[in-house]
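S.K.: sequence-free structure coming up:
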């Protein structure tokens with residue numbers, strides 16, 4: 001009896017931490033990626049969420065900010081899964097509550113900070129990779145793209161106005177890709193839409209601060 005009494009608090013803690021966590025529903029299973037803007041700023045973030053059906057935890061990563069952590073499902077209601085993200089090494093990423101739900105178009109909706117952003121499903125083989133037609137170095141008008149698939153989850157860099165910033169693919173097709181740029185060491189945050197067309201790289205930029213560049217193009221650097 002004495003042994004039981006002493007162990008009871010630890011049993012209660014264990015039950016509280018594990019027994020009542022909800023599992024990931026099958027419709028949310030997969031790896032998902034997308035981007036949003038921190039409220040009240042022009043700072044863009046890119047988030048990758050990895051979930052496996054039936055598991056009671058998942059993974060979360062912010063590749064532009066170099067932090068990764070764990071997702072803990074807390075509640076499932078009306079198709080929405082409430083989760084909390086935890087970071088052991090935050091690097092400016094903070095623990096917070098979020099909600100996830102599957103959209104009719106097959107994407108994932110992420111609800112946080114009063115915003116809703118759409119996440120694309122990544123291939124089962126891993127993060128989006130650039131099509132071979134985009135891989136290479138492209139330079140014109142003081143801007144340089146160095147695009148590659150050397151680092152899993154990253155897509156190279158862009159040099160612009162004295163800065164060099166990392167790129168992360170959030171979508172890719174046969175001859176095109178959407179890449180986000182930002183992070184703590186980069187002043188220009190936004191999304192590049194890149195297309196290979198008639199032997200040139202054609203790029204359109206939509207900045208988080210409203211700045212746009214349309215129709216920039218460059219030849220491949222030999």
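M.R.: It's in. Everything numeric here is computed off the predicted structure, so don't read it as measured data.
S.K.: all contacts plus neighbour counts: C-alpha atoms, from now on.
M.R.: Will do.
S.K.: Quick check: the residue nearest the centre of the chain vs residue 100, distance?
M.R.: Here the mean C-alpha position of the chain is nearest to the C-alpha of residue 47 (CA atoms, centre = their mean), at a distance of 2.4 Å. Here the distance between residue 47 and residue 100 works out to 13 Å (CA to CA, to the nearest Å).
S.K.: before we move on, back to that, where does the residue nearest to the centre of the chain fall, helix, sheet strand or coil?
M.R.: Applying DSSP: H, G, I helix; E, B strand; the rest coil to residue 47 yields a three-state assignment of strand.
S.K.: Tell me who's in contact with the closest residue to it other than its chain neighbours.
M.R.: Counting by CA to CA, 6 or more residues apart in numbering, the nearest residue to residue 47 once its immediate chain neighbours are dropped is residue 62, at 4.7 Å. Residues in contact with residue 62 (CA atoms under 8 Å, 6 or more residues apart in numbering) are 45-48, 68.
S.K.: tell me the two of those residues that are most distant?
M.R.: Between any two of those, the greatest separation by CA to CA is 12.9 Å, found for 45 and 68.
S.K.: List the contacts of residue 180.
M.R.: Contacts for residue 180 (CA under 8 Å, 6+ apart) come out as 35, 46, 167-170, 189-192.
S.K.: Show the pLDDT at it.
M.R.: According to the predicted model, the pLDDT of residue 180 comes to 98.
S.K.: so how far is the strand or helix carrying it off the chain centroid?
M.R.: With elements delineated by DSSP states H and E, residue 180 resides in strand 176-181, which encompasses its position. Here the centre of mass of C-alpha atoms in strand 176-181, compared against the chain's by CA atoms, centre = their mean, to the nearest Å, lies 12 Å away.
S.K.: cool, and stretch 111-125?
M.R.: For stretch 111-125, the distance to the chain centre is 7 Å (CA atoms, centre = their mean).
S.K.: And for stretch 166-175?
M.R.: Averaged C-alpha coordinates place stretch 166-175 at 12 Å from its chain's average position (CA atoms, centre = their mean).
S.K.: Same check on stretch 203-215?
M.R.: On CA atoms, centre = their mean, the centre of stretch 203-215 falls 20 Å from the chain's centre.
S.K.: Is it correct that residue 27 falls within a strand?
M.R.: No - with three-state DSSP as the criterion, residue 27 is located in helix rather than a strand.
S.K.: The residue nearest to it when sequence neighbours are not counted: neighbouring residues, count only.
M.R.: Counting by CA to CA, 6+ apart, the nearest residue to residue 27 once its immediate chain neighbours are dropped is residue 102, at 6.8 Å. When neighbours are counted by other CA atoms under 10 Å, residue 102 registers 18.
S.K.: need the contact list for residue 102.
M.R.: Residues counted as contacts of residue 102 (CA under 8 Å, 6+ apart) are 27-28, 79, 108-109.
S.K.: Which of these ranks first by neighbour count?
M.R.: Neighbour counts for the contacts of residue 102 were taken using other CA under 10 Å; the highest belongs to residue 108, which has 25 neighbours.
S.K.: roughly how far apart are it and residue 201?
M.R.: According to CA to CA, residue 108 stands 30 Å off from residue 201.
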